[in-house]
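> sequence? don't have it. structure:
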């Protein structure tokens, strides 16, 4: 999933040391920006991100999204923000006091209201 790449990109970039790893990360990013969700060289974007993360000693499991349960009458509806380039399914819920939306790891643009 491109969402996992977007969420982990800063961490991946901070751990990359070798030119080979940097080239692999740049190829993964280029494929994601080009909208390639399937075949990218030796595998899909997610499997390559996961393999690189494991190689760098980082977490490889994707976090599951959870819905907001228990919202009933009297609660405001949070604004939902989405990927600014529509390349992934990443979402962010803005609730009062949470702050500004995060930046997209691929485009460095803030997530936009969906």
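Right, received. Where do you want to start? In this text, all values refer to a predicted model and were calculated from it rather than measured experimentally. Numbering: from 1, shown residues only.
> For the rest of this, base every contact and every neighbour count on C-alpha atoms.
Noted.
> Would you map the helices across this structure?
If DSSP state H is used as the criterion, the helices of the chain fall at 2-15, 19-33, 45-55.
> Out of the ones you listed, which is closest to residue 113?
Nearest to residue 113 among the helices of the chain is helix 2-15; the distance by CA to CA comes to 16.4 Å.
> Tell me which other helices or strands the closest one touches.
Here helix 2-15 is seen to pack against helix 19-33, helix 45-55 when contacts are counted using 3 or more CA pairs under 8 Å, 6 or more residues apart in numbering; DSSP states H and E.
> ok, back up a step: out of the helices of the chain, the one nearest residue 82 is which?
Per CA to CA, nearest to residue 82 of the helices of the chain: helix 2-15, 10.3 Å.
> average model confidence for the closest one?
For helix 2-15, the mean pLDDT works out to 88.
> Any idea which of the helices and strands packed on helix 2-15 gets closest to residue 110?
helix 19-33 (15.7 Å).
> Do you know the pLDDT at the nearest residue to residue 59 once chain neighbours are set aside?
Leaving aside its sequence neighbours, residue 59 sits nearest to residue 53 (CA to CA, 6 or more residues apart in numbering; 6.5 Å). pLDDT, residue 53: 91.
> what sits against residue 53?
Under the criterion of CA atoms under 8 Å, 6 or more residues apart in numbering, the neighbours of residue 53 are 12, 59-60.
> Please repeat the previous calculation with a cut-off of 10 Å.
The neighbourhood of residue 53, defined by CA atoms under 10 Å, 6 or more residues apart in numbering, consists of 5, 8-9, 11-12, 15-16, 25, 47, 59-61.
> that older thread, minimum distance to residue 83: which of the helices of the chain has it?
helix 2-15 (8.6 Å).
> Now do the closest one: distance to the chain's middle.
The gap between where helix 2-15 is centred and where its chain is centred comes out at 7 Å by CA atoms, centre = their mean, to the nearest Å.
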